[in-house]
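Asks: any chance you could fold what I've pasted below:
(one chain, ligands or ions: 4)
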Amino acid sequence: MDRATILIVDDEISNIEIINAALEDSYEICFATSGEEAIKLARTVLPDLILLDVLMPGMDGYEVCRTLKDDRLLADVPIIFTTGLDGLDAEARGLSLGAIDYVTKPIAPRLLSARVRNHIELKRLRDQLAEMAVTDSLTGLSNRRRLQQTLDAETARLARSGDWLSVIMIDIDFFKLFNDTYGHPVGDRCIAMVASVLNRAVRRASDLTARYGGEEFACVLPEAELDAAMAVARDIQAQVRSLGIPHTASAISSYVTVSVGVATARCLPGMAPELWIKQADHQLYLSKSAGRDRVVG
Ligand code: GH3
Ligand code: MG
Ligand code: MG
Ligand code: MG
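Replies: Numbers count the residues shown, from 1 in each chain. Ligands and ions are numbered 1, 2, ... in the order given. I've put the predicted structure just below:
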């Protein structure tokens with residue numbers, strides 16, 4: 001398991017040294033000596049936890065906390081205030097700003113490392129749950145929820161530059177007959193193998209492969225024009241065929257095949273993400289009508 005990264009923020013180096021000594025054996029540590037520096041560093045390293053001093057010249061800890069909570073990328077990073085200020089008011093204020101815990105100086109190293117360990121563990125579990133909530137368990141591809149989130153985000157982002165977006169829809173041919181012939185468990189394995197083809201064919205980090213429903217899949221390709229998207233789609237179609245999964249009941253082949261629809265358009269402000277899905281689905285329908293095992297774009 002990767003070591004978690006902790007960002008220590010304190011204007012006094014001696015405090016950083018004490019905290020570092022308590023944690024360095026178990027975690028990757030980075031530190032900042034001002035609020036401004038902390039925010040910059042947090043955006044580049046995306047820490048798993050932040051230990052944040054309250055009293056600092058310039059931006060104080062409360063202000064840093066507020067800024068981090070407003071940042072989409074950093075809002076979920078747990079923050080523990082470490083401060084010489086004690087008293088109910090200071091603690092309540094820190095917690096009400098969204099900090100997860102509050103420890104007062106002088107730091108008790110054993111107590112601090114125990115609290116940090118618990119919060120890191122909670123963060124891992126939360127990250128795992130969040131990942132599960134957007135992942136299809138049979139194939140490991142994104143599920144429909146992440147597909148929708150990604151489409152929403154990408155259409156909004158690409159509309160600002162008027163850039164291209166392509167969506168590919170893939171559907172396994174005569175799959176009901178496949179299940180009828182080989183049984184549902186073999187059908188599940190077939191779905192998983194087709195999914196692995198998608199992951200091989202779609203390579204850019206910004207691309208997304210998703211299970212849209214039963215034996216249907218979707219790929220989102222930001223900044224891909226029609227030629228690029230068609231090439232990916234043909235690659236998928238050819239690779240599925242060359243998996244060579246027997247399908248004796250298919251009316252068109254001895255092997256499992258897929259039909260593919262491609263939708264490509266420039267993103268413009270106000271265009272709904274559903275347009276791409278609808279269009280790709282329509283092209284997929286044309287591909288089925290034209291005989292299956294082909295790409296229509
Ligand atoms: P077409 O070529 O027109 O796409 O025909 P088809 O039989 O593939 O289309 P249809 O949509 O009628 O059937 C899809 C089948 O996929 C029906 C359903 O039993 C099966 N299916 C859906 N989800 C799963 C799944 O998770 N596992 C398995 N094994 N089968 C599934
Ligand atoms: Mg201080
Ligand atoms: Mg279908
Ligand atoms: Mg089908």
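Asks: okay, CA-based contacts and neighbour counts for the rest of this
Replies: Noted.
Asks: test my guess that residue 170 contacts residue 217.
Replies: Yes: judged on CA atoms under 8 Å, residue 170 makes contact with residue 217 at a distance of 5.0 Å.
Asks: anything in contact with each of those two?
Replies: Common neighbours of residue 170 and residue 217 (criterion: CA atoms under 8 Å, 6 or more residues apart in numbering): none identified.
Asks: please name the residues that touch residue 35.
Replies: Contacts of residue 35 (CA under 8 Å, 6+ apart): 9, 56, 58, 59, 60, 61, 64.
Asks: ligand 1: which of these is nearest?
Replies: residue 64 (46.7 Å; CA to the nearest ligand atom).
Asks: and the closest residue to the closest one other than its chain neighbours, how far from residue 59?
Replies: Of all residues not flanking residue 64 in the chain, residue 35 sits nearest, at 5.8 Å (CA to CA, 6 or more residues apart in numbering). Going from residue 35 to residue 59 by CA to CA, to the nearest Å gives 5 Å.
Asks: go on, residue 246?
Replies: Relative to residue 59, and taking CA to CA, residue 246 is found at 65 Å.
Asks: and what of residue 127?
Replies: For residue 127, the distance to residue 59 - CA to CA - is 29 Å.
Asks: equivalent analysis for residue 83, please.
Replies: Residue 83 is 15 Å from residue 59, by CA to CA.
Asks: neighbour-wise, which of those two wins?
Replies: Ranked by neighbour count (other CA atoms under 10 Å), residue 83 and residue 59 place residue 83 first, with 21 against 14.
Asks: that one reaches residue 91, doesn't it?
Replies: No: the criterion here is CA under 8 Å, and residue 83 misses it with residue 91 at 9.4 Å.
Asks: now do the shared contacts for those two.
Replies: What both residue 83 and residue 91 touch, as defined by CA under 8 Å, 6+ apart, is the set residue 102.
Asks: what are the ranges of the helices in the stretch 151-297 of the chain?
Replies: 175-182, 184-201, 226-243, 274-289 (DSSP state H, counting those that start in this stretch).
Asks: in a markdown table, list these along with mean pLDDT.
Replies: Listed next are the helices of the stretch 151-297 of the chain as a markdown table, based on pLDDT from 0 to 100:
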| stretch | mean pLDDT |
| --- | --- |
| helix 175-182 | 98 |
| helix 184-201 | 97 |
| helix 226-243 | 97 |
| helix 274-289 | 98 |
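Asks: of these, which is nearest ligand 4?
Replies: helix 175-182 (5.1 Å; CA to the ion).
Asks: with ligand 4 as the reference, measure out to the closest residue to ligand 2 within the stretch 151-297 of the chain.
Replies: For the stretch 151-297 of the chain, the residue closest to ligand 2 is residue 153, as judged by CA to the ion, at 38.7 Å. The gap separating residue 153 from ligand 4 is 29 Å, by CA to the ion, to the nearest Å.
Asks: and if you look at residue 158?
Replies: Relative to ligand 4, and taking CA to the ion, residue 158 is found at 31 Å.
Asks: same for the worst-scoring helix or strand of the chain on mean pLDDT, what does it pack against?
Replies: The weakest-scoring helix or strand in the chain, judged by mean pLDDT, DSSP states H and E, is helix 88-96 (a mean of 89). Judged by 3 or more CA pairs under 8 Å, 6 or more residues apart in numbering; DSSP states H and E, the packing partners of helix 88-96 are strand 101-104.
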